[in-house]
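In: Pasting a predicted model and its sequence here:
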Amino acid sequence: MDAPTTTLYRPVGQAELDLIAASGYRRFPPRLPDQPIFYPVCNEEYAVQIASRWNTTGGAVGYVTRFAVRSDLLAKYDVHVVGSKIHAEYWIPAEELEAFNDAIAGTIEVISEHRAEAYGAKKETAEQ
């Protein structure tokens, strides 16, 4: 019997998506030196917010990925709520990302794409 899994989401930009694709959509790339934590999020709505608002700055494209990870590995991490109740995410230390990647069941799927033009300058100005 397969181990139970939990579905998570990860908003990414083009460079990160290219590295995910190079892995056969099976692994997230190592964190950069100034990125000590990997942040998968718990729901699609929060991932869309990040991908559409933050990953699209400067005309960039943001993507939302969905993947399943073994629940037994995930159980050792706490969920952190960093805003309203939908802003729930896991904090995976960078040095534990390889073990996290090993616990991904199946492939990482791109479920949506977001472009900067979806948000007008008026809204971007109002949020600053």
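Out: Arrived safely. Numbering: from 1, shown residues only.
In: ok, which stretches of this structure are strands?
Out: Listed in chain order, the strands of the chain (DSSP state E) span 5-13, 37-38, 61-70, 79-81, 88-90, 92-93, 104-115.
In: Leaving aside the residues adjacent along the chain, what's closest to Gln14?
Out: Val61 (5.6 Å; CB to CB, 6 or more residues apart in numbering). To be clear about C-beta, it is placed using only N, CA and C from the backbone, and glycine gets the same treatment.
In: That neighbour reaches Ser112, doesn't it?
Out: No. Contact between Val61 and Ser112 fails when scored by CB atoms under 8 Å: they sit 10.8 Å apart.
In: returning to that earlier point: select, out of the strands of the chain, the one closest to Arg27.
Out: Closest of those to Arg27 is strand 104-115, at 7.1 Å (criterion: CB to CB).
In: In contact with the nearest residue to Tyr46 once chain neighbours are set aside, which residues?
Out: Leaving out its chain neighbours, the residue that sits closest to Tyr46 by CB to CB, 6+ apart is Ile86, at 5.1 Å. By CB atoms under 8 Å, 6 or more residues apart in numbering, the contact set of Ile86 is Asn43, Glu45, Tyr46.
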